[in-house]
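J.: just coords:
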């Protein structure tokens with residue numbers, strides 16, 4: 001799918017109005033005696049809420065023997081508790097028009113619900129029950145493991161997803177952050193009920209839990225809900241997450257043969273994580289390089305030469321590290337030409353300062369995306385929770401915009417010389433078994 005970014009005068013008015021509305025919101029934060037953090041944002045002009053229970057636990061907290069267990073537990077929490085069946089969990093939320101879901105990342109697990117303001121207590125009750133009293137019935141585990149294995153097969157069949165998993169396996173080789181979130185088929189078939197209960201006991205301490213809510217919410221009511229519905233003492237988790245130290249000194253090439261028609265490629269490296277102030281500079285550089293239809297790579301590779309349908313740069317960030325690079329797909333005859341154009345754009349950014357006009361366009365695009373995302377309570381809840389988990393505070397929109405506006409042409413040139421050195425890039429290619437490539441030689 002092609003995404004075009006265009007701002008009209010109506011969009012600009014919309015952004016200004018969004019900013020005015022943002023200023024009306026009210027943030028609150030309370031740390032409960034049991035270690036749970038409750039954060040909220042009251043938005044007076046909406047009638048709905050988004051409520052998330054965030055555990056600071058993800059696949060990077062696993063090891064190679066239990067890889068996939070965090071994601072599997074996420075699935076199993078929907079399969080019943082000691083007092084609710086899987087169907088009752090769904091009915092209790094959907095019967096009043098609500099919505100319940102979850103996701104697992106490499107650093108967090110989030111269970112969240114949405115609904116109208118007068119149903120927030122029921123959503124809080126259901127989510128509290130799920131995290132405190134999971135049943136983990138062996139019969140349900142066996143069925144759900146088959147579901148997750150099917151999900152794993154879907155990733156294997158989708159080169160656009162598979163290539164990013166394999167890229168991170170290469171770039172973070174030997175460290176737990178290299179492991180795929182979904183795990184391995186071998187692990188998924190062998191997980192037992194005690195495995196799940198022991199992992200929850202070890203990792204899901206209340207000191208790792210952030211309850212975040214945005215929209216038509218009242219902070220004092222959230223605190224009362226916590227006192228009413230959170231009765232099981234999950235204790236504190238004392239497991240410390242190890243930071244990752246990157247090694248970008250050696251370029252590497254991996255080629256994967258699959259039964260596919262196109263060639264898919266990533267060239268990239270590790271760079272600054274969330275805790276590094278330079279990450280904002282890398283984000284702006286990525287925007288200039290390959291994010292959006294007006295970016296350099298889109299214009300040079302697709303519009304000017306017509307040799308790739310998909311091409312974009314990316315910055316996928318974790319607390320202490322990020323991956324940065326370029327992904328594209330093309331036919332086998334154009335692979336080498338596409339790669340040559342990408343490397344040419346790298347050199348241009350290393351050698352010539354971007355214009356103030358191009359830099360300003362990139363900054364405005366990032367700010368526009370940020371402000372537009374604030375129209376949804378779910379995005380606001382997720383942004384607020386991630387800010388708390390990464391920075392131990394709710395970073396304001398004004399602060400984020402100031403960081404973006406502070407990026408200079410000199411910053412971009414310096415970052416380009418550091419990040420766009422092709423000698424430090426890992427190159428990963430997924431191709432047909434019958435394709436011969438000069439770039440893969």
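T.: That came through, no problem. What you see is a predicted model, and the numbers here were worked out from it, not measured in a lab.
J.: Using the three-state scheme, assign residue 129.
T.: Put simply, residue 129 is helix when judged by DSSP: H, G, I helix; E, B strand; the rest coil.
J.: Show me the beta-bridge partners of the closest residue to it other than its chain neighbours.
T.: In this structure, residue 129 finds its nearest non-sequential neighbour in residue 81, 4.9 Å apart by Cβ to Cβ, 6 or more residues apart in numbering. C-betas here are computed from N, CA, C, even on glycine. Going by DSSP bridges, residue 81 is paired in beta bridges with residue 134.
J.: Contact partners for residue 81?
T.: Neighbouring residues of residue 81 by Cβ atoms under 8 Å, 6 or more residues apart in numbering: 89, 129, 130, 132, 133, 134, 135.
J.: please redo it, this time with the cut-off set to 10 Å
T.: Residue 81 makes contact with 88, 89, 126, 128, 129, 130, 131, 132, 133, 134, 135, 136, according to Cβ atoms under 10 Å, 6 or more residues apart in numbering.
J.: Just the element for the closest residue to the third one other than its chain neighbours, please.
T.: The spatially closest residue to residue 126, leaving aside those adjacent along the chain, is residue 92, at 5.3 Å (Cβ to Cβ, 6+ apart). Remark: residue 92 resides in helix 86-94, with elements defined by DSSP states H and E.
J.: for residue 349, same thing?
T.: Element membership for residue 349, per DSSP H and E: helix 335-351.
J.: Which helix or which strand is home to the nearest residue to residue 65 once chain neighbours are set aside?
T.: Excluding the flanking residues, the one nearest residue 65 by Cβ to Cβ, 6+ apart is residue 187, at 7.4 Å. Assigned by DSSP H and E, residue 187 falls within helix 185-190.
J.: Same check on residue 226?
T.: helix 219-229.
J.: what about that helix, distance to the chain center?
T.: Computed by Cα atoms, centre = their mean, to the nearest Å, the chain-centroid distance of helix 219-229 equals 29 Å.
J.: That helix packs against which elements?
T.: Under the contact criterion of 3 or more Cβ pairs under 10 Å, 6 or more residues apart in numbering; DSSP states H and E, helix 219-229 touches strand 26-31, strand 37-42, strand 48-55, helix 120-132, strand 209-215.
J.: Show me what the second one is packed up against.
T.: Other elements packing on strand 37-42 under the criterion 3+ Cβ pairs under 10 Å, 6+ apart are strand 26-31, strand 48-55, strand 209-215, helix 219-229, helix 377-391.
J.: same check, this time on the longest one
T.: Helix 120-132 is packed against strand 48-55, helix 86-94, strand 99-104, strand 109-116, strand 209-215, helix 219-229, with contacts defined by 3+ Cβ pairs under 10 Å, 6+ apart.
J.: so what does the helix or strand just after the helix holding residue 226 touch, helix or strand wise?
T.: Helices and strands here follow DSSP H and E; after helix 219-229, the next one along the chain is strand 252-258. Other elements packing on strand 252-258 under the criterion 3+ Cβ pairs under 10 Å, 6+ apart are helix 159-171, strand 263-272, strand 426-432.
J.: Roughly how far does residue 164 sit from residue 273?
T.: Look at residue 164 and residue 273: by Cβ to Cβ, to the nearest Å, they are 17 Å apart.
J.: can you check residue 178 too?
T.: 15 Å.
J.: What of residue 45?
T.: 35 Å.
J.: Have a look at those two and say which one is more surrounded.
T.: residue 273 (18 against 9; other Cβ atoms under 10 Å).
J.: hang on, the earlier thing: in the helix holding residue 187, what counts as buried?
T.: 187, 188 (16 or more other Cβ atoms under 10 Å).
J.: Packing partners of the helix or strand following that helix?
T.: Tracing the chain past helix 185-190, the next element assigned as helix or strand by DSSP H and E is helix 193-203. With contacts taken as 3+ Cβ pairs under 10 Å, 6+ apart, helix 193-203 sits against helix 69-76, helix 138-157.
J.: Can you name the residues that contact residue 63?
T.: Applying Cβ under 10 Å, 6+ apart, the residues near residue 63 are 69, 176, 179.
J.: Let me know the closest of those to residue 194.
T.: Set against residue 194, the nearest of those by Cβ to Cβ is residue 69 (11.8 Å).
J.: Could you report the distance from the closest residue to that closest one other than its chain neighbours to residue 147?
T.: Nearest residue to residue 69, sequence neighbours excluded (Cβ to Cβ, 6+ apart): residue 199, at 5.3 Å. To residue 147, residue 199 is 19 Å away according to Cβ to Cβ.
J.: Which one's more surrounded, the two?
T.: residue 199 (19 against 12).
J.: Tell me the spacing between the more buried one and residue 187.
T.: Taking Cβ to Cβ, one finds residue 199 at 12 Å from residue 187.
J.: same thing with residue 116?
T.: In terms of Cβ to Cβ, residue 116 sits 40 Å off from residue 187.
J.: Likewise for residue 388?
T.: Look at residue 388 and residue 187: by Cβ to Cβ, they are 31 Å apart.
J.: rewinding a little: will you turn the helices and strands packed on helix 120-132 into TSV that also has mean pLDDT, distance to residue 410 and mean neighbour count?
T.: Listed next are these as TSV, based on pLDDT from 0 to 100; distance: least, Cβ to Cβ, whole Å; neighbours: other Cβ atoms under 10 Å:
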stretch	mean pLDDT	distance to residue 410	mean neighbour count
strand 48-55	98	37	25
helix 86-94	95	51	15
strand 99-104	97	38	17
strand 109-116	98	38	22
strand 209-215	97	37	26
helix 219-229	97	43	16
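J.: The ones you listed: which one's closest to residue 407?
T.: Of these, nearest to residue 407 by Cβ to Cβ is strand 209-215, at 27.8 Å.
J.: Compute the inter-axis angle for that closest one and strand 37-42.
T.: Computed by axes from the mean of the first three to the mean of the last three Cα atoms, to 10 degrees, the angle separating strand 209-215 from strand 37-42 equals 10 degrees.
J.: Contacts only, for the residue nearest to residue 69.
T.: With Cβ under 10 Å, 6+ apart, residue 199 has these contacts: 57, 61, 62, 66, 69, 70, 72, 73, 191.
J.: And the helices and strands packed on strand 37-42: which comes nearest residue 255?
T.: Going by Cβ to Cβ, the one of the helices and strands packed on strand 37-42 nearest residue 255 is helix 377-391, 35.2 Å.
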